[in-house]
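1. quick one, what's the 3D model for this:
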Amino acid sequence: MRAVVFSGFKTFPTIETIDVPEPAPGEVLLKVAGAGACHSDVAVFDEFEADPTGMMSPPFVLGHENAGWVEHLGPGVRGVDVGAAYLVYGPIGCGHCVACSRGQDTYCQHPGDVGYLATGLGRNGGMAEYMTVPARNLVPLGDADPVSAAPLADAGLTPFHAIKMVLPKLAGGGKHTLVIGLGGLGLVAVQILRAITGAQIIATDRKPSAMARARDFGAVTVADGPDQAGQIRELTGGRGVDVVFDFVGADPTMRLAQATVAIRGAIQVVGIGGGSLVWNFFTNPYEATLTNTYWGTIEDLYEVVALYRDGKVAPDVQRFSLDNALEAYRRLRDGGARRPRRGGAAPGLTGDTSARPRRLRLQSIRRAPSVAVTTQPSRNAPGWARATTHPPKPPPVIRAPNTPGVAAIAATAASICAVEVAKSSRRLAWLATINRPASARSPRRRAAANARTRWFSEITWRARRRIVGSSIIVTSGAAAQRSGPMTASAAAHSATRSA
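-> Residues are numbered from 1 along each chain as shown. Model prediction:
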């Protein structure tokens, strides 16, 4: 059979003739209908100098977003219909740990027992005429088109999982959500949000055609610009959005998320743009969470398929035959879409990765699926189309050291007030004048000073929230003396690692 084979790092894949695989016990032989070509694949063969995970030793067949028809059952398989169409859940775990028992193979606690990352990432994938699949990883499609469904194994599952995590924050009326980055995952996310929530969907991208497509799905779009965060807040009545989904994950998009999220909101970073975010008590709205998400569970994929079969989710697709699969990968590689930075490791995973959790190493090689390669042209089903996303320009940042004394605090607030809240200048000057060193105050005066400081923090926060697209970064005295941009703490860096 023909297959797209990855034979080595920094080497473009080739179409080769290999043997049709035999299903092992508990597996089935799948006749592939379609396979999504993904930027993760491009990162594997074009970006990495060597295997950053120890789980992707070449050669193997590419393709981790697959769908097709069951051709043959392996020993011990029951409950699977030969000839029926199925979507393939890509991650493969040990099957017996706590994470795998809940269908979340992405967070398998024993990855070394498996020996590979997922179908098409260390194990032969679906860029071929046939592939083998564990029977438990099959999700029935019924009479739905399997080729158009193939990219949903990633482009549908990943945003659905991110959305499902924060559904309680979008329940009820008057809710707002922001989708940053309208590529493959972002546009599917807009459709999922429309289908399962009543929230107003705000979407943004630098590509006008992508925003036009989001409007077709019911989103309100806001173009990139200096007043972007302000326009987004205006749509929410000044409160901010309840949940931000960042499908880019670059520095500017993460700052936009932080500037627009509401108090008690959530920021879900899904993109692997390699960005980081400064977080401290003053930079985030109160009780607003920040997290990253990765792929999803097999239960999530069942729900995605249900939405697909009901016509509520329909990815835009472009078809390539298996003979033209390499052209699809060339377009991905040369099309200007975001990929992990050059080097031997993916964003956020420089240095020794052997001691890090497997799921973080696994996250580093993923990106939105872009093109479906049809291996069965006679079925006449379309493939998968790519939409490039571009992060918005970074907003202005006001930096000030957190040095002893209220004078430095007043200077920080004065910088803010100069931009937006001039009426607070007299109050700030008064505060700086009456505050003296703590050693020179009586207990009563110290208590009064503490009360004024709390009042000051409140008006500073309110002033900052009114400044469109800017943020305050309060650093330690030592950090303030460094040159160049500030770096986030280890905790913030871990929290903003790309999904």
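
2. in the stretch 201-350 of the chain, what spans have low per-residue confidence?
-> Per-residue confidence for the stretch 201-350 of the chain (pLDDT under 70) gives these ranges: 336-350.

3. may I ask which helix or strand encompasses the closest residue to residue 313 other than its chain neighbours?
-> Nearest residue to residue 313, sequence neighbours excluded (Cβ to Cβ, 6 or more residues apart in numbering): residue 307, at 4.4 Å. Placement of C-beta: from N, CA and C, glycine included. Here residue 307, judged by DSSP states H and E, is contained in helix 298-309.

4. list the buried residues for that helix?
-> 298, 300, 301, 303, 304, 305, 307, 308 (16 or more other Cβ atoms under 10 Å).

5. swap in stretch 93-108?
-> Using 16+ other Cβ under 10 Å as the burial criterion, the residues of stretch 93-108 that qualify are 93, 94, 97, 99, 100, 103, 104, 105, 106, 107, 108.

6. which other residues reach the helix holding residue 307?
-> Helix 298-309 is contacted from outside by 87, 89, 102-103, 105, 136-137, 139-142, 144, 149, 152-153, 156-157, 160-161, 164, 191-192, 195-196, 313-314, using Cβ atoms under 8 Å, 6 or more residues apart in numbering.

7. three-state assignment of residue 201?
-> Under the three-state scheme (DSSP: H, G, I helix; E, B strand; the rest coil), residue 201 adopts strand.

8. residues near it, how many?
-> Look at residue 201: counted by other Cβ atoms under 10 Å, it has 25 neighbours.

9. mind listing what it touches?
-> Here residue 201 is in contact with 177, 179, 190, 193, 194, 214, 217, 218, 219, 220 (criterion: Cβ under 8 Å, 6+ apart).

10. hmm, back to that, and which of the buried residues of helix 298-309 is nearest to residue 70?
-> residue 305 (15.7 Å; Cβ to Cβ).

11. report the contact partners of the residue nearest to residue 202 when sequence neighbours are not counted.
-> Among residues not flanking residue 202 along the chain, residue 178 sits closest, at 4.7 Å (Cβ to Cβ, 6+ apart). Applying Cβ under 8 Å, 6+ apart to residue 178 gives the contacts 202, 203, 204, 232, 241, 243, 244, 245, 257, 260.

12. pretty sure the third one is touching residue 229, no?
-> It refers to residue 204. No - counting by Cβ atoms under 8 Å, residue 229 is not a contact partner of residue 204; they are 10.1 Å apart.

13. joint contacts of these two?
-> Common neighbours of residue 204 and residue 229, using Cβ under 8 Å, 6+ apart, are residue 256.

14. which one of the two is surrounded by more residues?
-> residue 204 (29 against 24).

15. burial measure for the closest residue to that one other than its chain neighbours, as a count.
-> With sequence-adjacent residues excluded and distances taken as Cβ to Cβ, 6+ apart, residue 204 is closest to residue 222, at 5.0 Å. Residues lying near residue 222 (other Cβ under 10 Å) number 22.

16. also the one 10 residues further on?
-> The criterion is other Cβ under 10 Å. On that basis, residue 232 has 24 neighbouring residues.

17. kindly report the same for residue 282.
-> Other residues lying near residue 282 total 15 when counted by other Cβ under 10 Å.

18. now it: how far from residue 258?
-> Separation of residue 282 from residue 258 (Cβ to Cβ, to the nearest Å): 11 Å.

19. again, but for residue 327
-> Distance from residue 327 to residue 258, counting by Cβ to Cβ: 40 Å.

20. so which of these two has more stuff around it?
-> Taking neighbours as other Cβ under 10 Å, residue 327 and residue 258 compare with residue 258 leading, 22 against 14.

21. quick one: which helix or strand includes the more buried one?
-> Counting by DSSP H and E, the element that carries residue 258 is helix 251-260.

22. now for that helix, which elements pack on it?
-> When contacts are defined as 3 or more Cβ pairs under 8 Å, 6 or more residues apart in numbering; DSSP states H and E, helix 251-260 sits against strand 176-180, helix 228-235, strand 241-246, strand 261-269, strand 471-475.

23. 6 Å instead, please
-> Helix 251-260 sits against helix 228-235, strand 241-246, with contacts defined as 3 or more Cβ pairs under 6 Å, 6 or more residues apart in numbering; DSSP states H and E.

24. want to throw those into JSON lines with distance to residue 252?
-> Formatted as JSON lines, these follow (distance: least, Cβ to Cβ, whole Å):
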{"stretch": "helix 228-235", "distance to residue 252": "10"}
{"stretch": "strand 241-246", "distance to residue 252": "10"}
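
25. of those, which is nearest residue 51?
-> Across the helices and strands packed on helix 251-260, residue 51 has its closest neighbour in strand 241-246 (28.1 Å, Cβ to Cβ).

26. looking just at contacts, which helices and strands does that closest one meet?
-> Under the contact criterion of 3+ Cβ pairs under 6 Å, 6+ apart, strand 241-246 touches strand 176-180, helix 251-260, strand 261-269.

27. any idea of the angle the second one forms with helix 228-235?
-> Note on geometry: by axes from the mean of the first three to the mean of the last three Cα atoms, to 10 degrees, helix 251-260 and helix 228-235 are set 30 degrees apart in direction.
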